[in-house]
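**Q** Sequence and predicted structure are below.
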Amino acid sequence: MNSAGTDISIVIPVYRSSRLLQQLVQRLMAALNEQDAQYEILFVDDGSPDDSWKVLAALHASDPHHISVIRLMRNFGQHNALMCGLRHAQGRYVVTMDDDLQHPPEEIPKLLKAIEETQADLVYGVPKRKEHQAWRNLGSRLVTAFYRLVFRTRVQPSAFRIIRRELVDAILSYNLNYTYIDGLLAWNTQRIEQVEVEHCPRKTGRSGYSLSKLVVLALNLFTNFSLLPLQAVSVTGFLAAFAGLALGTYYLGRYLFGAVAVPGYASTIVAVLVLGGLQLLALGVMGEYLGRVHLNINRKPQYTIREIRTGASNCDSAGS
């Protein structure tokens, strides 16, 4: 729920970043204090195995008016942790960013200016040049390509974004497990813009996103927001059936004209393997959709909260 006194909420999922959190808060406060606006910084500890929660608790104790912290019971993934943070954010504008200082806090005013000038519901901070490893850039390009294909847009999604309160409220009804924030946002508005921002090299540690996790994210995008995989399987099945019919017609013609060729072992094996592979692919795609429906019907939690510290009070919670 929006609080009339809060202008900007900063929501940051935290995972293995204990050594950077103090510096991140200092730079955030320096940037936000220049805006002459009421703000809050909301950290969500996504089951981080290091000392992140201890550091977050100390930061909250040092400034409970501006800093709120939430601890999840296990690692649920960045997008699920973001949904948790969005549900507790109170600002008229909500900024989401990473915890590794690759998104410079000093660029937040640029996002704020862009959303006010363009009247957009959502503005992405797009890096001029991504300071990631090559495999990570490859995975990011894959996700971006799928996003543009599914939502038919030229916008480049980014974890560094500013969202208008009305759009935040619009996506909060989604409480299922397989969460992709950018898909939920694109489902609810077409007023999306982007602005170039700096992207800094990671100071310490490594990204929580492996190539496999980026592939899973792309899969979440497709299976949650599009029927394209099922449609692709249908088209592939149609083409295979058409090719089989054409080949059958060809051999029937040769038989009628007395020019039957002796079928070869290799061609038979190839045909069986190709068609068998297509059938297994089709079953796998349908099984992926069905499995997600099954888990969501069984109410696999989007996230579970262990503890919340906000304002001057601390409380424990185990809801989702």
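**A** Cool, the structure landed.
**Q** list the contacts for the closest residue to Ala186 other than its chain neighbours?
**A** Spatial nearest neighbour of Ala186, chain neighbours left out: Phe151 (4.5 Å); criterion: CB to CB, 6 or more residues apart in numbering. Any C-beta I mention is one placed from the backbone N, CA and C, and that applies to glycine too. For Phe151, the contact set (CB atoms under 8 Å, 6 or more residues apart in numbering) comprises Gly183, Ala186, Phe225.
**Q** May I see those organised as a markdown table, with pLDDT and secondary structure added?
**A** Listed next are these as a markdown table, based on pLDDT from 0 to 100; DSSP: H, G, I helix; E, B strand; the rest coil:
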| residue | pLDDT | secondary structure |
| --- | --- | --- |
| Gly183 | 91 | helix |
| Ala186 | 93 | helix |
| Phe225 | 72 | helix |
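**Q** quick one, what contacts Thr236?
**A** With CB under 8 Å, 6+ apart, Thr236 has these contacts: Leu278, Leu281, Ala282.
**Q** Narrow those residues to those in helices?
**A** With helices defined by DSSP state H, the entries of the contacts of Thr236 inside them are Leu278, Leu281, Ala282.
**Q** tell me the mean pLDDT for the helix or strand hosting Val94?
**A** If you go by DSSP states H and E, Val94 is part of strand 93-96. For strand 93-96, the mean per-residue pLDDT is 98.
**Q** Show which residues not belonging to it make contact with it.
**A** Strand 93-96 has contacts (CB under 8 Å, 6+ apart) with 7-12, 82, 85-86, 108, 111-112, 115, 159-165, 168, 181.
**Q** Tell me which of those residues fall in strands.
**A** Residues of the contacts of strand 93-96 located in strands (DSSP state E): Ile8, Ser9, Ile10, Val11, Ile12, Arg161, Ile162, Ile163, Arg164.
**Q** Helix or strand: which one has the nearest residue to Gly244 once chain neighbours are set aside?
**A** Spatial nearest neighbour of Gly244, chain neighbours left out: Leu275 (8.0 Å); criterion: CB to CB, 6+ apart. Take DSSP H and E as the rule and Leu275 turns out to sit in helix 265-297.
**Q** Show me what that helix packs onto, helices and strands only.
**A** helix 211-225, helix 228-256 (3 or more CB pairs under 8 Å, 6 or more residues apart in numbering; DSSP states H and E).
**Q** In a markdown table: these, plus distance to Asp63.
**A** Shown next, in a markdown table, are these (distance: least, CB to CB, whole Å):
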| stretch | distance to Asp63 |
| --- | --- |
| helix 211-225 | 33 |
| helix 228-256 | 47 |
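**Q** which one of these has the most crowded surroundings?
**A** Counting by mean count of other CB atoms under 10 Å, helix 211-225 has the highest mean neighbour count of those, with a mean of 17.
**Q** That helix versus helix 228-256: what angle between them?
**A** With axes from the mean of the first three to the mean of the last three CA atoms, to 10 degrees defining the directions, helix 211-225 sits at 90 degrees from helix 228-256.
**Q** contact partners of helix 211-225?
**A** 79, 135-136, 138-140, 142-143, 146-147, 150-151, 178-180, 182-183, 186-187, 209, 228-229, 288-289, 292.
**Q** ChimeraX command for the buried members of those residues?
**A** If you want just the buried ones from these in ChimeraX, going by 16 or more other CB atoms under 10 Å, the selection is:
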select :79,136,139,140,142,143,146,147,150,151,178,179,180,182,183,186,209,229,292
